[in-house]
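In: fold the following, please.
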Amino acid sequence: MRVAFFVAHFPVLSEPFILNQIAGTIERGHEVDIYSLDGPPDDISKVHPLVEKYNLLERTIYAPTRPDNELWRWIKGLGLLLVNFHKNPSVCLQLFNQSRYVSQAKSLKMLYRAIPFLEKKSYDIIHCQFSTLGVFGIWFRQLGLIEGKLISTFRGSDISKFLPRWGKQVYEELFQETDFFLANCEFFKNKAVALGCDTNKIHVHGSGIDCSKFFFQERYFPSDGKVRIATTGRLVEKKGIEYVIKAIAKVVETHPNLEYNIIGDGELKEHFAKLSAELNISHIVKLLGWKQQKEIVEILDNCHVFVAPSVTGKDGNQDAPVNTLKEAMAMGLPVISTLHGGIPELVEDGISGFLVPERDPDAIAEKLTYLIENSQDWKNMGKAGRKRVEENYDMTKLNDELVEIYQQMLNSELTLKNLQKRLVIANW
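Out: Alright, predicted model coming up:
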């Protein structure tokens, strides 16, 4: 099969779930092209090992980067139009149709993202890795710029924060024209169905991790008495890290021998450093910045508790079961997370860890204190977490399933009913 992946920026360290699906498709012998519709990220000094292993940059076609400044955006856009107009004159004119494409034409997003497709592309499968990109997949296919069966994945921001901004009707055309949908958890599947997605055209397909890369070890109370806690994620509001810092400040009053490792970077880094200083815990809170997978594993190897405190952002943004949480559970860490989005589908409260309300540092502090004082529970919680991840989020199983979905899309009119039959036959 020839498979095209639509992504926004590429490669992005915080999106290993996309890399895993791309690599899995290549490993199973299929031809893959990656279309980065927003161009490369600002910094690619650190990339996931899969990018180098499979030479993914050589498989990537970049749309021109769209300047933030409106004047420069138009100057560059007109230059692109002049250079590329001969490739597809009729389509180039349609890309400015504001009555059809509204703000996406006015902002020139249609023009910039369409440039790589002005000379028609043909694939068996076009997989849009967020449904906001799926809208462009539909439009480009309607314009004759790309050919193939279209599959679109709901991952989180595209079915949460995107809706208040653009309205619940934004996906009406997507639901009608897309051949099949995936959602990375039941929570987002149900939201899509409530918006009008055909229940017979959407399947829950979780984001997988390579369990072999995250070695399990039983956790015991450290001989030096220092309990090491970790969080991995972007330093943005949705990840809720502020509430863990506040919780740590409460816990150190009775258990001062702590270390809190925050792995990641983002717009709130300075705020977290300032907050830690104000709470007199700068010596405990370690802002470690972005790390590659191997470095993350090394840090988590030396930790005892993992916290993933996701919250619903002010813009409505929500999380699926986050991969960083799966990785920690696979390594045997007891976890604390929140009653948020799709996370309860991953963490079984009281079995592999604890779930607490969003934005509640007191509740986080209470569960941290419990785990510190009851380290005998770490072993069983860690084992339960590893089992949960292996059963439901193993990358090999999920990539086998994904390729089966692709093949069924080509062989028949794919519906959830016949897909489930195929997966049962294949022993998934």
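In: show me the domain layout of the chain.
Out: For the chain, automatic domain parsing gives the domain ranges 2-208+396-423, 211-391.
In: all helices of the stretch 1-150 of the chain, in order?
Out: 16-27, 49-53, 70-84, 89-94, 98-106, 109-114, 131-142 (DSSP state H, counting those that start in this stretch).
In: now do the fifth one and helix 131-142, the angle between them.
Out: It refers to helix 98-106. 130 degrees (axes from the mean of the first three to the mean of the last three Cα atoms, to 10 degrees).
In: cool, and the longest one?
Out: Direction vectors for helix 70-84 and helix 131-142, defined by the same axes, to 10 degrees, enclose an angle of 30 degrees.
In: give me the mean pLDDT for helix 70-84.
Out: In this model, helix 70-84 has an average pLDDT of 96.
In: adding distance to Val204 and mean neighbour count as columns, could you present the helices of the stretch 1-150 of the chain in a markdown table?
Out: Using the backbone N, CA and C atoms, a C-beta is placed for each residue, glycine as well. Shown next, in a markdown table, are the helices of the stretch 1-150 of the chain (distance: least, Cβ to Cβ, whole Å; neighbours: other Cβ atoms under 10 Å):
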| stretch | distance to Val204 | mean neighbour count |
| --- | --- | --- |
| helix 16-27 | 14 | 22 |
| helix 49-53 | 24 | 15 |
| helix 70-84 | 38 | 14 |
| helix 89-94 | 36 | 14 |
| helix 98-106 | 29 | 13 |
| helix 109-114 | 28 | 23 |
| helix 131-142 | 15 | 22 |
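In: of all the ones you listed, which one is nearest Val285?
Out: Set against Val285 and scored by Cβ to Cβ, the helices of the stretch 1-150 of the chain come closest in helix 16-27, at 25.0 Å.
In: what's in contact with that closest one?
Out: If you take Cβ atoms under 8 Å, 6 or more residues apart in numbering as the criterion, helix 16-27 is touched by 3, 5, 7, 10-12, 32, 34, 48, 50-51, 53-54, 56, 127, 129, 155, 184, 207-210, 293, 323, 395-396, 398-399, 402-403, 406.
In: do stretch 52-61 as well
Out: Outside stretch 52-61, the residues touching it (Cβ under 8 Å, 6+ apart) are 10-11, 19, 22-23, 26, 32-36, 50-51, 116.
In: distance between the ends of it?
Out: End-to-end distance for stretch 52-61: 16 Å, by Cα to Cα, to the nearest Å.
In: next: stretch 269-286.
Out: So stretch 269-286: terminal residues 11 Å apart, Cα to Cα.
In: now stretch 49-64: average pLDDT?
Out: On average, stretch 49-64 scores 93.
In: list only buried entries from the contacts of helix 16-27.
Out: Among those, those buried by neighbour count (16 or more other Cβ atoms under 10 Å) are 3, 5, 7, 10-12, 32, 34, 48, 50-51, 54, 56, 127, 129, 155, 184, 207-210, 293, 323, 395, 398-399, 402-403, 406.
In: lowest average confidence across the domains of the chain, which one?
Out: What stands lowest among the domains of the chain, in mean pLDDT terms, is domain 2-208+396-423, with a mean of 91.
In: what residues does Val204 make contact with?
Out: 182-186, 189.
In: just the buried ones from these?
Out: Among these, the ones that count as buried by 16+ other Cβ under 10 Å are 182-185, 189.
In: which two of these lie the greatest distance from each other?
Out: The widest separation within the buried ones among the contacts of Val204 (Cβ to Cβ) is 10.5 Å, between Leu182 and Cys185.
In: those strands in the protein, which residues are they?
Out: 2-7, 31-36, 60-62, 121-128, 146-154, 180-183, 202-204, 227-232, 258-263, 285-289, 305-308, 335-338, 353-356 (DSSP state E).
In: could I get the ones you listed as TSV with distance to Cys92?
Out: Converted to TSV, the strands of the chain look like this (distance: least, Cβ to Cβ, whole Å):
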stretch	distance to Cys92
strand 2-7	20
strand 31-36	18
strand 60-62	18
strand 121-128	16
strand 146-154	15
strand 180-183	30
strand 202-204	34
strand 227-232	44
strand 258-263	45
strand 285-289	43
strand 305-308	46
strand 335-338	47
strand 353-356	52
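In: tell me what Asp349 is bridged to.
Out: Counting by DSSP bridges, Asp349 is bridged to Gly353.
In: that one and Val356 touch, don't they?
Out: No - applying Cβ atoms under 8 Å, one finds Asp349 not in contact with Val356, separated by 9.0 Å.
In: of the two, which one has the most company?
Out: Val356 (23 against 12; other Cβ atoms under 10 Å).
In: look up how far Asn84 lies from the closest residue to the more buried one other than its chain neighbours.
Out: With sequence-adjacent residues excluded and distances taken as Cβ to Cβ, 6 or more residues apart in numbering, Val356 is closest to Ala363, at 3.8 Å. Between Ala363 and Asn84 the distance is 55 Å, computed by Cβ to Cβ, to the nearest Å.
In: give me the number of residues near Lys168?
Out: Neighbour tally, Lys168, other Cβ under 10 Å: 11.
In: ok, it - contacts?
Out: So Lys168 contacts Leu195 (Cβ under 8 Å, 6+ apart).
In: how much space is there between it and Phe162?
Out: 10 Å.
In: what does Ser223 give?
Out: From Ser223 to Phe162 the distance is 49 Å (Cβ to Cβ).
In: quick one, which of those two is more surrounded?
Out: Neighbour totals were compared for Ser223 and Phe162, and Phe162 leads with 20 against 6 (other Cβ under 10 Å).
In: got the contact list for the more buried one?
Out: Contacts of Phe162 by Cβ under 8 Å, 6+ apart are 132, 170.
In: over to the one 3 residues further on?
Out: If a contact means Cβ under 8 Å, 6+ apart, then Arg165 has Asp315 as its contacts.
In: any idea how far it is from Lys314?
Out: Taking Cβ to Cβ, one finds Arg165 at 12 Å from Lys314.
In: how near is the closest residue to Ser375 other than its chain neighbours to Leu174?
Out: Once flanking residues are discounted, Ser375 sits nearest to Phe221: 3.9 Å by Cβ to Cβ, 6+ apart. Phe221 sits 51 Å away from Leu174, going by Cβ to Cβ.
In: okay, those two: which has more neighbours?
Out: Neighbour totals were compared for Phe221 and Leu174, and Leu174 leads with 23 against 14 (other Cβ under 10 Å).
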